[in-house]
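Chemist: mind looking at a prediction? Sequence and model below.
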Amino acid sequence: MASNAAATVCPAPMQATSNGAFQGDNPLDFALPLVILQICLVVAFTRLLALILKPLRQPRVIAEIIGGILLGPSALGRSEKFLHRAFPAQSMTVLDTLANIGLLYFLFLVGLELDIRSIRKTGKKALGIAIAGISLPFILGIGTSAVLRSTISKGVNQGPFLVFMGVALSITAFPVLARILAELKLLTTDLGRTAMSAAAVNDVAAWILLALAIALSGSNTSPLVSLWVLLCGVAFVLFAIFTLNPALGWMARRSPEGEPVKELYICITLSLVLAAGFVTDTIGIHALFGGFVVGIVVPKDGPFARVLIEKIEDLVSGLLLPLYFVSSGLKTNVATIQGAQSWGLLVLVIFTACFGKIVGTMSVSILCKVPFKEAVTLGFLMNTKGLVELIVLNIGKDRKVLNDQTFAVLVLMALFTTFITTPIVMAVYKPARRGVPYKHQTIRRKDLDTDTRNIPSMINLIESSRGIRKRGRLSVYAMHLMELSERSSAISMVHKARRNGLPFWNKACNDQDQMVIAFEAYQQLSSVTVRPMTAISPLGTIHEDICTSAHQKRSAMILVPFHKHQRLDGVMESLGHSFQAVNQRVLRYAPCSVGILVDRGLGGTTQVSASDVSYTIVVPFFGGRDDHEALAFGVRMAEHPGIVLSVMKFVFPPGTSVAAQESNEDDDNPNDDDLSELTASKNESIAHEERAVATTEDIVTALKSMSKCNLFIVGRMHSNVPVLVDRTSDCPELGHVGSYLASSGFSTTASVLVVQQYNPSGSLHPLVEEQANADVYDVPDTTTGDYPRDSNMV
């Protein structure tokens, strides 16, 4: 008897810290160093998998689920030595506790991102799709549960098992779906908006059903206990709405825009999450619900919610949340699925989940007159599973509702249905970007009375560029580019999307974006129409939003900022190669002319009024398509009474070391017509001179003699100009002359605008397919309709 008792004694709990290897302690026998090793191993392994799966455009949650399974007994964990050393049984309490704390705060973040107001505004179509996407899979899940109970899940409690199976098959992962839509550029399409609205409704319904399942799955089978659990859960939600919401709203109101949020408010809110988790765990509906409910009742307006996200999301999503996937993976043993029966049941569960979700969504979509191809795509999108699915399955396993084999089957089902979503949607539905051809795609044009519908996005440059032409009102589309990062909080930005297939328009009354406020303030003080807009995309594809918007609005020029900014000591400091790559892709795919602005404080740090504009502008003219465009832009700016324009034409004498330009311009760019018109005109604000240069040094000397001006406007490409700076500092998107003018050694005061003229013959891979009778949805110029529809520009 004594030997049997000794054999069943549990291992002693781990001490927190060791005395060190030199004292003879093995760090892996102590809780703290072991959990540190586990976190590092999990993060490194899942990030490596995410990198491998990135070309397949899979969301990171797929890599984390697979990583958890591979670290568990299904793969690496089959080695007893590895499993007992890296994830010993006595460490699992600490690991699970950390994972659940991370999950608690992650669901708090999910609640912060979920705006109940948007769900209340959900249209009938999205609501019908959501209900159908929940009902049919839930019913089929109940039917599938009967098959599983007679085979691999014998002896389980019938009621909770039915509900858990129905919930597991009917869930749509809202954050994962949003990430997939963003990656596929479908986020702001009609299809994407419908999917997001339906998924938000589905998410709330899934949590309610999960609360019901947990209440029914307690160890006490008395119906009265389950009823008390549900009633106490409802009471907690009401307490959160009528007590926590006003308190959090008071703190949010005392955190105005532009001022730091008090550390006390952050501490109180994060403590409330833990307290709410304790209350809901005490009630019996799991601690996760407390964090989720607190996140929902936090006011979404103002900086308060944004600061909360910034404070915790990197720690939670980057370090703690992957532990939950590993905790789940350690419970998943694919080896338990053995024999034809088990694999047949896996196929049945996958088919039932896909059939119910896809057919249910398709049926209502077609009834709502959604095109068939879009209805199929919507069905596959709504079939996306993710973290919430794993939460349901893990709770079911912890409550002894799901055994090992059923748990493994359902985890593989969730993994498979999410994995196939992106490739199938890409194959079935890829909306073609079509547009009607338009004429004025450059600044330079033959009809000088025609309105130029373009112009840069920097206010002082706009003020100098608007000229004096009477026909038409100058319109500027100021696009705020926002990177859709890997952070989960990036998904909260998609709730703002309101328009079809293009970056959306900002409403002044609701938007606190400082860029929007600045441009709208300028609009009130000038005759320029400014329409702020926002594009949310990964940096690798954000050029598509820029170029397609420019085509949609029939723009004549896109202006982008240079990827370097000038420090106080005059040195140009790079913001990163990714921003440079964006500019290069815009140059390659733009449907109109492009300008890159190297800003060295044009007009100072504040807006310059029309009466105070006083700039000297220099246009170095070497000849060629881009220089003609730069000259046309400079001439337009010279219409402003406060602008003095100096045009310096560089002449290369025959036989010098600098080759003369070959005059092979096309009819739209005659070599000297623009300069001849300037010479013949009697405009006192425009000066024209010719400078003979024989060597590279002559060009550099001539440019330096004009370095005291406020702005250089120069063409990007010149076939007859040599390299003026070292290759190491040359920026190909600026060209040889632009790179020299933008270099730190040239000037610290003169801004530079590098211009590339649109070349129809050079646009080999346009992002927009031009069709004369294209059925194109025209995005309104403004959300209020106060401006004429014919005044367009980016």
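Modeler: In hand now; what should we look at?

Chemist: any idea how far the residue nearest the centre of the chain is from Ile699?
Modeler: The residue lying closest to the centre of the chain (Cα atoms, centre = their mean) is Leu484, at 1.6 Å. Distance, Leu484 to Ile699, using Cβ to Cβ, to the nearest Å: 43 Å. Any C-beta I mention is one placed from the backbone N, CA and C, and that applies to glycine too.

Chemist: Val714 now?
Modeler: 12 Å.

Chemist: comparing those two, which residue is more hemmed in?
Modeler: Val714 (28 against 23; other Cβ atoms under 10 Å).

Chemist: which residues does Val714 contact?
Modeler: 619-620, 627, 630, 735, 737-738, 741, 752-755 (Cβ atoms under 8 Å, 6 or more residues apart in numbering).

Chemist: direction included, what does the strand or helix carrying it pair up with?
Modeler: Per DSSP states H and E, Val714 falls inside strand 711-715. Strand 711-715 has its sheet partners listed here by DSSP bridges as strand 615-621 (parallel), strand 751-756 (parallel).

Chemist: and that strand, which residues are buried?
Modeler: 711-715 (16 or more other Cβ atoms under 10 Å).

Chemist: so where do the helices sit in the stretch 451-600 of the chain?
Modeler: 459-465, 514-525, 542-552, 577-589 (DSSP state H, counting those that start in this stretch).

Chemist: and these, which one is worst for confidence?
Modeler: Here the lowest mean pLDDT among the helices of the stretch 451-600 of the chain goes to helix 514-525, at a mean of 57.

Chemist: pretty sure the residue nearest to the centre of the chain is touching Leu181, no?
Modeler: No - with contact defined as Cβ atoms under 8 Å, Leu484 does not count as touching Leu181 (10.3 Å).

Chemist: quick one: distance of stretch 559-572 to the chain centre.
Modeler: Distance of stretch 559-572 from its chain centroid, counting by Cα atoms, centre = their mean, to the nearest Å, is 25 Å.

Chemist: also stretch 551-558?
Modeler: Worked out by Cα atoms, centre = their mean, stretch 551-558 lies 23 Å from the chain centre.

Chemist: end-to-end on that stretch?
Modeler: In stretch 551-558, first residue to last residue: 10 Å (Cα to Cα, to the nearest Å).

Chemist: where does Arg117 fall, helix, sheet strand or coil?
Modeler: Under DSSP: H, G, I helix; E, B strand; the rest coil, Arg117 falls in the helix class.

Chemist: how many neighbours does it have?
Modeler: Other residues close to Arg117 by other Cβ under 10 Å number 9.

Chemist: got a pLDDT number for it?
Modeler: pLDDT, Arg117: 73.

Chemist: who are the contact partners of it?
Modeler: Taking Cβ under 8 Å, 6+ apart, one finds Lys300 in contact with Arg117.

Chemist: C-alpha coordinates for stretch 253-260, CSV please?
Modeler: Below are the C-alpha coordinates for stretch 253-260, written out as CSV (Å, rounded to 0.1, in the frame of the first residue of the first chain):
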residue,chain,number,x,y,z
ARG,A,253,-14.1,62.7,-21.4
ARG,A,254,-11.3,63.8,-19.1
SER,A,255,-8.8,62.6,-21.7
PRO,A,256,-9.2,65.1,-24.6
GLU,A,257,-7.4,64.8,-27.9
GLY,A,258,-3.9,66.2,-27.9
GLU,A,259,-3.3,65.5,-24.2
PRO,A,260,-1.7,62.4,-22.6
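
Chemist: how about that stretch: buried residues?
Modeler: Quick answer for stretch 253-260 (16+ other Cβ under 10 Å): Ser255.

Chemist: chain center to that stretch, what's the gap?
Modeler: 25 Å.

Chemist: ok, and what's touching it?
Modeler: For stretch 253-260, using Cβ under 8 Å, 6+ apart, the contacting residues are 261-262, 265, 302-304, 307, 512.

Chemist: still on that earlier bit, so which of the contacts of Val714 comes closest to Lys704?
Modeler: Sorting the contacts of Val714 by distance to Lys704 puts Leu741 at the head of the list, at 10.1 Å, by Cβ to Cβ.
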